[in-house]
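Participant: fold the following.
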Amino acid sequence: MKAMIFAAGLGTRLRPLTNDRPKALVEIGGKTMLERVITRLAEAGFDDIIINIHHFGQKIIDFLDANNNFGLDIHISDERNMLLDTGGGILKARTLLGCNEPFLVHNADILTDIDLKAMWQCHIESGAIATLLVKKRKTCRYLVFDDDYRLRGWINHSTGETRPLELTHCKDGHEMAFGGIHVISPGIFEHLEKYSQGQAKFSITPFYVDECHKLLIKGYVQGSPYSWIDVGKPESLADAEVMVKRTKK
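Facilitator: Below is the predicted model of the structure:
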């Protein structure tokens, strides 16, 4: 089973911690965020992992070498010449991700104990081209789903902006926040290529929203409680420390 970890971000919100290291190598409870994500993926059965790098990318390579790739088959998608954002990063890693089976994508700064294997299996059974982890939580920007949790649009409550789309479907839809984990079928690559219009750098979320009227993109809501935290800002570091102590991992 294949997975990709987004570890190329600049980590500007975590400065000064990221002044001399990539965000993925910031430690939580004595372990880097990257190690924690790799461990969770391995526990769920993902043994072929692609990691994209940019900011202090060599330090990630050295970290993996020092730990013998944690006993897994790990490949580097090198974006040190140009940071490609999420959509561009996935498209660049196409040859590493292959075309035979779905792959899971996981942000390096997301710590969670969600059942990743169950999410991957749900994607397989749904026939969707992409399945996004979503949850009810307070934010200003939401993905909007219908009663079958098919993606129908996007809304920004702070600006009133909506994209695009079938607003008749969105009016009474379920507004959910994206959790930074998705499972994607390889059939998406041809659509990403067309959407990018030759641009190397682009984000995956606008693609999901703009293309959801013709592609089956589903939201995944885990029925049982789980812990989740985005360690993107200094104020979330303390909460992350509490979470890992509680889960004892």
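Participant: so which elements touch the lengthiest strand in the chain?
Facilitator: Secondary structure of the chain per DSSP state E: the longest strand is strand 174-184. Contacts defined by 3 or more C-beta pairs under 8 Å, 6 or more residues apart in numbering; DSSP states H and E place strand 174-184 against strand 103-107, strand 110-112, helix 116-126, strand 130-135, strand 141-145, strand 217-220. Bear in mind the C-beta positions are built from the backbone N, C-alpha and C, glycine included.
Participant: let's see that with 6 Å instead.
Facilitator: When contacts are defined as 3 or more C-beta pairs under 6 Å, 6 or more residues apart in numbering; DSSP states H and E, strand 174-184 packs onto strand 103-107, strand 130-135, strand 141-145.
Participant: tell me the mean pLDDT for that strand?
Facilitator: For strand 174-184, mean pLDDT rounds to 94.
Participant: go through the next helix or strand after it and flag the buried ones.
Facilitator: Per DSSP states H and E, strand 174-184 leads on to helix 188-196 as the next helix or strand towards the C-terminus. Applying a neighbour-count criterion of 16 or more other C-beta atoms under 10 Å, the buried positions in helix 188-196 are 188, 192, 195-196.
Participant: pLDDT (mean, whole number) over helix 188-196?
Facilitator: 96.
Participant: quick one: that helix to strand 130-135, angle?
Facilitator: 80 degrees (axes from the mean of the first three to the mean of the last three C-alpha atoms, to 10 degrees).
Participant: quick one: helix 188-196 to strand 174-184, angle?
Facilitator: If you take the same axes, to 10 degrees, helix 188-196 sits at 120 degrees to strand 174-184.
Participant: list of residues touching helix 188-196?
Facilitator: Helix 188-196 is contacted from outside by 91, 94, 129, 202, 207, using C-beta atoms under 6 Å, 6 or more residues apart in numbering.
Participant: could you list the residues in contact with the helix or strand that comes right after that helix?
Facilitator: Sequence-wise, the next helix or strand downstream of helix 188-196 (DSSP H and E) is helix 204-211. Outside helix 204-211, the residues that touch it by C-beta under 6 Å, 6+ apart are 86-87, 154, 163, 195, 217.
Participant: may I have helix 204-211 as CSV, with CA atoms only?
Facilitator: Taking Å, rounded to 0.1, in the frame of the first residue of the first chain, the C-alpha atoms of helix 204-211 are listed here in CSV:
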residue,chain,number,x,y,z
ILE,A,204,-5.4,20.3,-4.8
THR,A,205,-8.4,21.8,-2.9
PRO,A,206,-9.5,24.2,-5.6
PHE,A,207,-9.2,21.3,-8.0
TYR,A,208,-11.5,19.2,-5.9
VAL,A,209,-14.1,22.0,-5.7
ASP,A,210,-13.9,23.0,-9.3
GLU,A,211,-14.2,19.4,-10.6
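Participant: off-centre distance for that helix?
Facilitator: Taking C-alpha atoms, centre = their mean, to the nearest Å, one finds the center of helix 204-211 at 14 Å from the center of the full chain.
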